[in-house]
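**Q** 3D, please:
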Amino acid sequence: MLEMTAGPPIDSHGYRILALGAHSDDVEIGAGGTIVQLLARHPSATVHWVVFAGSGARGSEAEASVRDLLGGSLGSLHLHEVRDGFLPREWGGVKEILLQVARQVTPDVVFAPALSDAHQDHRTLGELAWQAFRGAMILGYEIPKWDGDLMRPSLYIPLSEETVAAKLAHITQHFPSQKDKPWFDEETFRAVLRLRGVECGVRYAEAFEARKVVLSW
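**A** Numbers count the residues shown, from 1 in each chain. Presented below is the predicted three-dimensional model:
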């Protein structure tokens, strides 16, 4: 296994990160630890955050979560009111939103749902991310659920014990509307992080589907 450490972007600007979530808690579950550690290592980075099913209480949860997680690193926050579970039906509108974001932001890294995700909203957003952001490195994150669709990762980000503890506390604090779901608890999230850590030789890790990665040596 080849271990690599990311340096600054080749054009010397701070990292521009785009986080795409179909639902208010998707990015925090799939990539929250990675984003926090990236910001700690690259404090000049800017994060742009987009949530599609962000109406009502879930929109309020999303905004509070993102502002707490990112602080001064938040570049922009876009909350939309696409009906939960119906993103495929709104394919054209979702794509237009992503194209508008692409005209405003040229991201270095895009966090989006994995293409192999069984949830229709996640999968649709993952597919459209590849159409709208062709010049960025797109990392597909995973979300545990009853479908049994955990992916076969191609990239791992080791997480410290402190990052894991902070991630779990953040998710359970900021998304009370999801606590009645049987899979939504710290034990589930820690189990996935531990499994991915085993796979890459550390204690904990987040894992991603990285279909295209360009190396300059």
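
**Q** Please count neighbours and contacts with C-alpha atoms only from this point.
**A** OK.

**Q** Low-confidence stretches in the chain?
**A** 1-2, 4, 6-12 (pLDDT under 70).

**Q** Show me the residue at the heart of it, geometrically.
**A** Val27 (3.3 Å; C-alpha atoms, centre = their mean).

**Q** Return the residues in contact with the residue nearest to Ser44 when sequence neighbours are not counted.
**A** With C-alpha to C-alpha, 6 or more residues apart in numbering as the criterion, Ser44 has its nearest non-adjacent residue at 5.0 Å, and that residue is Gly14. In this structure, Gly14 makes contact with Pro8, His42, Ser44, Ala45, Thr46, judged by C-alpha atoms under 8 Å, 6 or more residues apart in numbering.

**Q** any chance of the residues you listed in CSV, plus distance to Leu215?
**A** Below are those laid out as CSV (distance: C-alpha to C-alpha, whole Å):
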residue, distance to Leu215
Pro8, 13
His42, 19
Ser44, 22
Ala45, 20
Thr46, 22
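
**Q** Among these, which are located in strands?
**A** Taking DSSP state E as the definition of strands, these contribute Thr46.

**Q** Would you list the buried entries among the contacts of Gly14?
**A** Buried members of the contacts of Gly14, counted by 16 or more other C-alpha atoms under 10 Å: Ala45, Thr46.
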